[in-house]
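> following is a predicted model, sequence given first.
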Amino acid sequence: MYRVGDVVLCNFPYREDPTQFTKRPALVMKVTNAGLSYMLAQITSTNRTDSLTGFWIEVTSKKWSSMGLKNDSFINLSNILEVPSFGIIRLLGTCEQMQEIENKCKTCSISY
């Protein structure tokens with residue numbers, strides 16, 4: 001079972017068509033249904049800080065080094081979706097900045 005703050009590799013659904021998905025890293029924001037599903041924030045290598053709510057992660061930054069990401073990445077708090085546990089492939093790392101992320105969600109009225 002995964003925990004809030006875990007960074008996982010998963011089959012992340014497209015918002016427009018949840019029957020389609022792409023393999024990508026994601027951040028566990030909430031455990032739902034007793035671990036049968038998870039609310040995950042999309043992580044992408046495209047910097048979208050100018051248009052979406054989230055955090056730009058530089059893999060060389062000590063602050064974000066425990067996440068297990070290979071490339072500089074954007075945690076997209078504008079795209080948090082529910083993913084069943086069988087859609088998670090494996091654990092990549094852990095985000096030690098969850099308090100900062102949760103505070104940004106509250107400030108921007110993002111619920112999940």
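Noted; the coordinates are in hand.
> what's near enough to touch residue 43?
By Cβ atoms under 8 Å, 6 or more residues apart in numbering, the contact list for residue 43 reads 7, 24-27, 57, 69, 73-76. Any C-beta I mention is one placed from the backbone N, CA and C, and that applies to glycine too.
> for these, which one is nearest residue 87?
Out of those, the one with the shortest distance to residue 87 is residue 26. That distance is 9.5 Å, counting by Cβ to Cβ.
> could you find the closest non-adjacent residue to the closest one?
In this structure, residue 26 finds its nearest non-sequential neighbour in residue 40, 3.8 Å apart by Cβ to Cβ, 6 or more residues apart in numbering.
> quick one: what helix or strand has that neighbour in it?
Secondary structure here is read from DSSP states H and E; on that basis residue 40 sits in strand 37-44.
> next: residue 29.
Here residue 29 is covered by strand 21-32, with elements defined by DSSP H and E.
> in its sheet, which strands sit next to that strand, and in what direction?
Paired neighbours of strand 21-32 in the sheet (DSSP bridges): strand 6-13 (antiparallel), strand 37-44 (antiparallel).
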